[in-house]
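In: sequence and predicted structure, then a few things I'm wondering about:
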Protein chains: 2
Amino acid sequence: MIRQDYKEMLNAKSVIREMFTYATEKGKEIGYENVFDYSLGNPSVPTPKEFTDTMIKLLQESDPIKLHGYSPSPGIPSVRAAIAESLNKRFGMNYTANHIFMATGAAGAVAHAVRCVTNTNDKVLTFAPFFPEYMHYINDTGAVLKVVPPNLENFQINFEAFEEMLTCDVQAVLINTPNNPSGAACSSETLKKLADILYKKQEEYGHDIFIISDEPYREIVFDGADAPYVSKFYDNTLSCYSYSKSLSLPGERIGYVAVNPKCTDAEYIVGMCTQISRGTGHNCPPSIIQLAVAECLDLTSDLKVYETNMNLIYNELVRLGFEVVKPSGTFYIFPKALEEDAKVFCEKAKKYNLILVPSDSFGCPGYFRMSYCIETEKVERSLVALREFVKAEYGRE
Amino acid sequence: MIRQDYKEMLNAKSVIREMFTYATEKGKEIGYENVFDYSLGNPSVPTPKEFTDTMIKLLQESDPIKLHGYSPSPGIPSVRAAIAESLNKRFGMNYTANHIFMATGAAGAVAHAVRCVTNTNDKVLTFAPFFPEYMHYINDTGAVLKVVPPNLENFQINFEAFEEMLTCDVQAVLINTPNNPSGAACSSETLKKLADILYKKQEEYGHDIFIISDEPYREIVFDGADAPYVSKFYDNTLSCYSYSKSLSLPGERIGYVAVNPKCTDAEYIVGMCTQISRGTGHNCPPSIIQLAVAECLDLTSDLKVYETNMNLIYNELVRLGFEVVKPSGTFYIFPKALEEDAKVFCEKAKKYNLILVPSDSFGCPGYFRMSYCIETEKVERSLVALREFVKAEYGRE
């Protein structure tokens, strides 16, 4: 008999996916250029030319047996060393290659990091609003995800609720900054306070509490924002990174776990990740992609379009009277819906070909997410539709 | 606290890895060309030129946003359709794209397939000699691997032992043909008999029993060998494939699960694999590799060197009086050691710069594995060392 829990999961569709499928179908009807599809977080700018050129050079000039050969389980040593060096230079850290585990994107990185620091039924805390896939990444490890309610004022941490939920059975805290879906980044002040609480509670409970820091949007930070490197604030930090957004390579599945050298048992964690890989069959990211990314560590795609789009949307939302926190980064914005049930709100928006994602599965009902990784020209046209929608349905203009 | 079971696994080194590390170190001392390294199963022939050319063409001519964009969780539809068509043409099957799940190599394929058809503590049977990593692939799913003792005569199935072990709590049977480490392929007669037993037991026990067929060596079959397609014999078969060996791409992590269309609940299994991916963070194989492999489905690397090497080694082993089954495929051979403890035998061989892997972890003590994916010239030189070793240590010539 096939396994029933996985089979039943097939009925629980992701609302993001559902909205994207609707947008695709609608596009076939009226032309996709006329569907204002804010559903998916798929980068809309190409990878840097240097990445493509490096890939071609590797293919043309390397011995194919070596180029496509097995990568050691933790990743190719030269690649891990280059990443350590780049992080040290940028953030004043002291990583060596031994602190870097190459993972298939941030999903693989988080799934491995959680497995390293939790046992079955241990609690992991995260903060609403949060990326709904965390439910799977965490709960499938055997640990249990608990969600701290949001700080609706600015989407920083709701410390009162957090301290109440930080009980002795919490082994790890999963944070995501800059945040999907809110676009908020944890400020230095927030991270300092978070670290202070965790250091205190580690002492009180007599065991480690780890921060698992999911940072795929680290490179997409807007002008003037305070978005510091998490691991600088707290030693027991495992930083999970992906090149999906910064180098526009979501399909190539490449990222890493960077273990703070001062983390408890830092010298074991990368090795443990390789043992976890054996059991999940996940293994390493592709060899050629590892080698090509290593040549582009200090580059990004041309990310400024996201800030342009954010400003256009944010200003219009404010003008229309939406409650909305100005994003510090990412390509998401997370305004409050104009009626209590965000699902109803997003359903009505469809009439205007606006594809918005209701916030219920992000742990923060009554809001909606817009992923503005689309052409600026389309953003501008979508704002006309937004005005029309808000005027017709809610009498605002 | 970091998780202790994974930490403890760091002490249990793979004997294959240990031998390879020894070979590498010895190579630094006397030149790697003088170390007859039969430890690792790393292809020694390059990927076909068509693969390299397709990769370059994709990089030069595709829109990079689409090329490197997210692959749908089960894989890129056109790639899955092309694989289904290729399998149908070659093996007379009736796969559609919906029966193909793209996986990161055979490791990922097997890990997913096992998770689909077992619950915690269910038994999975496999046959000695077997690839030691199966212990991890299976036991980390929560199922329990049980090993049927070998048929030492020809490394076909030991049916007597198998029938005894095929109790009601066995949900799946994992077979690997052509086999690592023996090089034996299950004959049509063996597969027919296996299927008959399983059909009978399914009826008797009133539940499905699945075959998980691990087939990374399917394309490396020697002249005259009977190595049929497993899924033709038994409906409840999940075929797990990797392009690591056939296209010499072990580092690029690409393969698939092909679900027999007549398998129970065939329509759910690929979807379930995508749910499993969410929890392991494994996701899809890299997009560009999926697209490039799809253009090379009916190609292989120039694999005939493996047969040349096999014949050289086999003939010499026979001449020296080793008990050895002639391989039908793969790039492995699995002779009986010349003394009871294969570890002692392989340790002595090191003196002659022969790096052989003792068989204990393959579930078949007293044998040794040679991975002959090395240059033929080196094989020839190694046979001189082998003669010297056997004469000096065991008085044979």
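Out: Noted; the coordinates are in hand.

In: helices of chain A, start to end?
Out: Here chain A has its helices, by DSSP state H, at A:4-9, A:15-30, A:49-61, A:64-67, A:77-91, A:105-117, A:134-139, A:159-165, A:188-205, A:266-280, A:287-294, A:304-319, A:342-350, A:376-394.

In: how far does the shortest one sit from its chain's centre?
Out: Centroid separation between helix A:64-67 and its chain, computed with Cα atoms, centre = their mean, to the nearest Å, is 33 Å.

In: mind listing residues that contact that helix?
Out: Helix A:64-67 is contacted by residues A:58-59, A:287-288, A:291, B:43-47, B:52, B:248, B:251 when judged by Cβ atoms under 8 Å, 6 or more residues apart in numbering or on different chains. To be clear about C-beta, it is placed using only N, CA and C from the backbone, and glycine gets the same treatment.

In: name the nearest of those residues relative to B:Thr376.
Out: Within the contacts of helix A:64-67, the smallest distance to B:Thr376 is 9.5 Å, found for B:Ser44 (Cβ to Cβ).

In: how about the residues of the stretch 151-300 of chain A by chain B?
Out: Residues of the stretch 151-300 of chain A lying close to chain B (Cβ under 8 Å from any Cβ of the partner chain) are A:171, A:207-208, A:248-253, A:264-265, A:268-269, A:271-272, A:275-276, A:278-289.

In: what subset of these is buried?
Out: A:171, A:208, A:248-253, A:264-265, A:268-269, A:271-272, A:275-276, A:278-289 (16 or more other Cβ atoms under 10 Å in any protein chain shown).

In: per-domain residue ranges of chain A.
Out: A:4-46+A:301-394, A:50-294 (automatic domain parsing).

In: TSV for the ones you listed, including mean pLDDT and distance to B:Ala111?
Out: Below are the domains of chain A laid out as TSV (pLDDT from 0 to 100; distance: least, Cβ to Cβ, whole Å):
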stretch	mean pLDDT	distance to B:Ala111
domain A:4-46+A:301-394	95	13
domain A:50-294	96	3
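
In: tell me the most buried of these?
Out: Among these, the stretch with the highest mean neighbour count (mean count of other Cβ atoms under 10 Å in any protein chain shown) is domain A:50-294, at a mean of 21.

In: and that domain, end to end?
Out: End-to-end distance for domain A:50-294, by Cα to Cα, to the nearest Å: 11 Å.

In: chain center to that domain: distance?
Out: 10 Å.

In: about what we covered before: okay if I get the helices of chain A as a markdown table plus distance to A:Pro149?
Out: A markdown table is the format used below for those (distance: least, Cβ to Cβ, whole Å):
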| stretch | distance to A:Pro149 |
| --- | --- |
| helix A:4-9 | 26 |
| helix A:15-30 | 20 |
| helix A:49-61 | 40 |
| helix A:64-67 | 49 |
| helix A:77-91 | 30 |
| helix A:105-117 | 21 |
| helix A:134-139 | 15 |
| helix A:159-165 | 5 |
| helix A:188-205 | 16 |
| helix A:266-280 | 31 |
| helix A:287-294 | 37 |
| helix A:304-319 | 23 |
| helix A:342-350 | 16 |
| helix A:376-394 | 27 |
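
In: just send the contacts of helix A:64-67 back as TSV, with distance to A:Thr120 too.
Out: Listed next are the contacts of helix A:64-67 as TSV, based on distance: Cβ to Cβ, whole Å:
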residue	distance to A:Thr120
A:Leu58	42
A:Leu59	44
A:Ser287	34
A:Ile288	37
A:Leu291	37
B:Pro43	39
B:Ser44	43
B:Val45	45
B:Pro46	45
B:Thr47	42
B:Thr52	46
B:Ser248	40
B:Gly251	33
